[in-house]
Structures are given as structure tokens and as C-alpha cells.
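J.: The following comprises the amino acid sequence and a computationally predicted model.
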Amino acid sequence: MQANQSRIRIEVTDMGIGIAEEQIENIFESFTQVSQGINRRFGGTGLDLTIS
């Protein structure tokens with residue numbers, strides 16, 4: 001690597017309750033949750049604790 005080059009590595013690990021196969025295409029959509037109903041079993045903003 002030359003002095004004027006930069007690299008970045010991003011690694012994503014899913015430690016949640018899981019996601020349905022048909023919803024995987026939506027995982028990089030901003031602020032998207034699979035369940036949009038008001039009776040969701042799990043609450044939260046979907047933004048993770050680090051930025052909530």
C-alpha cells in the first residue's frame with residue numbers, strides 16, 4: 001500500500017432475533033424494520049444503542 005492510499009473494512013454481524021429470507025434485501029435501507037405493526041414483539045428505534 002502506498003502512502004497516499006487508504007483502506008476501510010466494514011464487517012457486519014447479526015446478533016439479533018434473525019431475519020426472514022425475503023427481508024434480507026432490505027437490510028441496508030435506512031431506518032427500516034421488518035415489522036411495521038404497532039404490536040411488534042420487540043421494541044426499539046432500530047438504530048442500535050450506540051446512537052440512540
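T.: Here it is on my side, so go on. Numbers count the residues shown, from 1 in each chain.

J.: CA only for contacts and neighbour counts going forward, please
T.: OK.

J.: so where is this structure shaky, pLDDT-wise?
T.: Scanning the chain with the threshold set as pLDDT under 70 gives 1, 31-52.

J.: buried stuff in stretch 16-34?
T.: Residues of stretch 16-34 include none that count as buried (16 or more other CA atoms under 10 Å).

J.: and the gap between residue 2 and residue 9?
T.: As judged by CA to CA, to the nearest Å, residue 2 and residue 9 stand 17 Å apart.

J.: before we move on, what about residue 18?
T.: Distance from residue 18 to residue 9, by CA to CA: 24 Å.

J.: again, but for residue 22
T.: For residue 22, the distance to residue 9 - CA to CA - is 27 Å.

J.: Check residue 19 too.
T.: Separation of residue 19 from residue 9 (CA to CA) stands at 24 Å.

J.: do residue 3 as well
T.: According to CA to CA, residue 3 and residue 9 sit 18 Å apart.

J.: What of residue 24?
T.: Distance from residue 24 to residue 9, by CA to CA: 21 Å.

J.: do residue 29 as well
T.: Taken as CA to CA, the span from residue 29 to residue 9 is 20 Å.

J.: Just say helix, strand or coil for residue 29.
T.: Following DSSP: H, G, I helix; E, B strand; the rest coil, residue 29 is assigned to coil.

J.: residue contacts, it?
T.: Counting by CA atoms under 8 Å, 6 or more residues apart in numbering, residue 29 makes contact with nothing.

J.: the strands in this structure, which residues?
T.: Read by DSSP state E, the chain holds no strands at all.

J.: Tell me where it has helices.
T.: Assigned by DSSP state H, the chain shows no helices.
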